[in-house]
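[1] My questions are about this predicted structure, shown below with the sequence.
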Amino acid sequence: MLGHIAVRLVQALVVMLVMSVLVFVGVYAIGNPIDVLIGPDVSQELRLQTIAHYGLDRPLWEQYLTFLGRVLHGDFGRSFVFGMPVMDLILSRLPATLELTLAAVCGAALIGIPAGIYAGYRPDGFASRLIMTVSILGFSVPTFWIGLVLIMAFAVELQWLPAGGRGETVSVFGVEWSFLTLNGLTHLFLPALNLAFFKLALMTRLARAGTREAMLSDTVKFARAAGLSEWTVLRRHVLRLIAIPLVTVFGLEFGSTLAFAVVTETIFSWPGIGKLIIDSIQSLDRPVMVAYLMLVAFVFITINFLVDLAYVGLDPRLRKGGAR
């Protein structure tokens with residue numbers, strides 16, 4: 001087990017190093033942020049001083065080595081636009097995105113998995129057909145269109161919920177959270193629902209397919225022959241058989257939602273890192289872009305590592321294999 005963890009950690013470090021090279025070269029080789037930072041009517045002397053100040057006059061490989069040395073000390077540089085450390089800027093926006101992601105993915109899992117299991121257990125029932133119809137809509141309808149419909153229906157026509165913003169927040173250990181206030185919850189509901197719709201459809205269909213397959217397995221047949229109740233069969237055997245793919249999808253969807261909630265945050269004016277990266281791309285704020293992409297890579301690597309550990313906890317065969 002410890003050997004497996006050590007190998008995975010080494011692999012993660014190699015992947016992060018390769019990603020740092022690809023991200024840095026990809027971002028710093030495109031465009032010229034000086035054209036955005038200063039006006040076209042400034043003197044050539046001031047232009048050259050600005051280029052030298054940001055180190056853009058040095059070769060790309062030298063800029064990368066300087067960047068890598070700072071990163072090893074936890075310094076991603078300063079934002080060209082905001083004039084503050086990049087990590088402070090990202091960490092100030094991260095709680096908003098993390099809160100939205102947790103609400104969307106956990107809500108989708110809590111609703112989608114039981115609905116999918118029921119649809120797989122009673123595939124010919126009316127409720128099961130209705131569940132699968134809703135899941136098809138979740139895959140088919142674009143996220144931005146759903147968001148606009150939600151705003152039009154609940155914010156404009158019914159005026160039940162606000163159309164955007166984060167609302168009131170409460171500081172816990174120096175971090176602002178909106179779900180701890182009623183006003184914050186009303187602001188959180190629509191963007192979380194919009195973000196969860198696709199995840200809900202995915203979880204539902206995956207749970208249904210796994211349940212349909214598990215119900216035909218010998219494990220379930222023997223459990224029924226032993227006289228176990230249907231609820232016990234579903235809870236102890238079916239759910240355990242479909243747990244590994246569900247954990248995998250939950251982890252990957254959490255990472256992708258955290259990293260790419262750009263559309264939802266833009267539509268609902270949610271002050272998260274998705275909206276920050278859009279503004280940074282428009283202004284060619286290279287340090288923010290690089291730090292964001294590195295954060296995305298780190299999130300996915302960490303989630304994959306945690307999913308691997310969850311496999312060991314869910315599947316006894318993997319524990320035995322690790323011991324051997």
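    Ah, there it is.
[2] Which helix runs longest in this structure?
    Ranked by number of residues, the top helix in the chain under DSSP state H is helix 86-121.
[3] can you count the residues close to residue 82?
    Residues lying near residue 82 (other CB atoms under 10 Å) number 18. Every residue, glycine included, has its C-beta placed from N, CA and C.
[4] Quick check: phi and psi at it.
    phi -90, psi -20 (degrees, to the nearest 10).
[5] Can you tell me how far it is from residue 293?
    Using CB to CB, to the nearest Å, one obtains 18 Å as the distance from residue 82 to residue 293.
[6] so where do the strands sit in this structure?
    Applying DSSP state E to the chain gives strands spanning 170-172, 175-177.
[7] Can you tell me which of the ones you listed is packed in deepest?
    Looking across the strands of the chain with neighbours counted as mean count of other CB atoms under 10 Å, the highest average goes to strand 175-177: a mean of 16.
[8] Starting from it, tell me which strands it pairs with and how they run.
    strand 170-172 (antiparallel) (DSSP bridges).
[9] which residues are in contact with the partner strand?
    When contacts are defined by CB atoms under 8 Å, 6 or more residues apart in numbering, strand 170-172 is touched by residues 176-178, 180-181, 184.
[10] Can you check which of the strands of the chain gets nearest to residue 145?
    Set against residue 145 and scored by CB to CB, the strands of the chain come closest in strand 175-177, at 29.3 Å.
[11] tell me what the longest helix of the chain is packed against?
    Contacts defined by 3 or more CB pairs under 8 Å, 6 or more residues apart in numbering; DSSP states H and E place helix 86-121 against helix 126-140, strand 175-177, helix 182-215, helix 243-259, helix 262-267, helix 273-283, helix 286-314.
[12] how many degrees apart are it and helix 243-259 in direction?
    For helix 86-121 against helix 243-259, the angle between stretch directions is 140 degrees (axes from the mean of the first three to the mean of the last three CA atoms, to 10 degrees).
[13] any idea how far helix 86-121 is from the chain center?
    The chain centre lies 8 Å from the centre of helix 86-121; the measure is CA atoms, centre = their mean, to the nearest Å.
[14] Can you list the buried residues in that helix?
    Using 16 or more other CB atoms under 10 Å as the test for burial, helix 86-121 gives 86-87, 89-90, 92-101, 103-105, 107-109, 112-113, 115-121.
[15] For the stretch 51-200 of the chain, give me the ranges with low pLDDT.
    In the predicted model of the stretch 51-200 of the chain, residues 54 satisfy pLDDT under 70.
[16] mind redoing it with 90?
    Across the stretch 51-200 of the chain, residues meeting the criterion (pLDDT under 90) sit at 51-99, 101-102, 105-106, 108-109, 112-149, 155-184, 194-200.
[17] center of this protein - which residue?
    residue 258 (2.3 Å; CA atoms, centre = their mean).
[18] who's in contact with it?
    Counted by CB under 8 Å, 6+ apart, residue 258 has contacts 97-98, 101, 299.
[19] what's the answer for residue 196, then?
    Contact analysis of residue 196 by CB under 8 Å, 6+ apart lists 103-105, 107-108.
[20] Turn the contacts of strand 170-172 into CSV, including distance to residue 15.
    Formatted as CSV, the contacts of strand 170-172 follow (distance: CB to CB, whole Å):
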residue, distance to residue 15
176, 32
177, 31
178, 34
180, 36
181, 39
184, 36
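[21] May I ask which two of those are separated the most?
    Longest distance between any two of the contacts of strand 170-172 is 10.4 Å, between 176 and 181; criterion CB to CB.
[22] Quickly list what's touching both of the two.
    169-170.
[23] how deep is residue 167 tucked in, by neighbour count?
    16.
[24] so how far is residue 14 from residue 219?
    Here the criterion is CB to CB. By it, residue 219 lies 39 Å from residue 14.
[25] Of the two, give the one with the bigger neighbour count.
    Just comparing residue 219 and residue 14: by other CB under 10 Å the higher neighbour count belongs to residue 219, 15 against 10.
[26] And the nearest residue to that one once chain neighbours are set aside, how far from residue 230?
    Nearest non-adjacent residue to residue 219, counting by CB to CB, 6 or more residues apart in numbering: residue 237, 5.4 Å away. When CB to CB is applied, the distance between residue 237 and residue 230 equals 11 Å.
[27] ok, back up a step: now do the longest helix of the chain against helix 126-140, angle only.
    Note on geometry: by the same axes, to 10 degrees, helix 86-121 and helix 126-140 are set 150 degrees apart in direction.
[28] And the contacts of stretch 82-91?
    Stretch 82-91 is touched from outside by 74-79, 273, 276, 285, 287-288, 291-292, 295, with contacts defined as CB under 8 Å, 6+ apart.
[29] how long is it end to end?
    The first residue of stretch 82-91 is 14 Å away from its last residue (CA to CA, to the nearest Å).
[30] what do you get for stretch 72-86?
    Stretch 72-86 end-to-end distance (CA to CA) = 15 Å.
[31] Many thanks, I have nothing further to ask.
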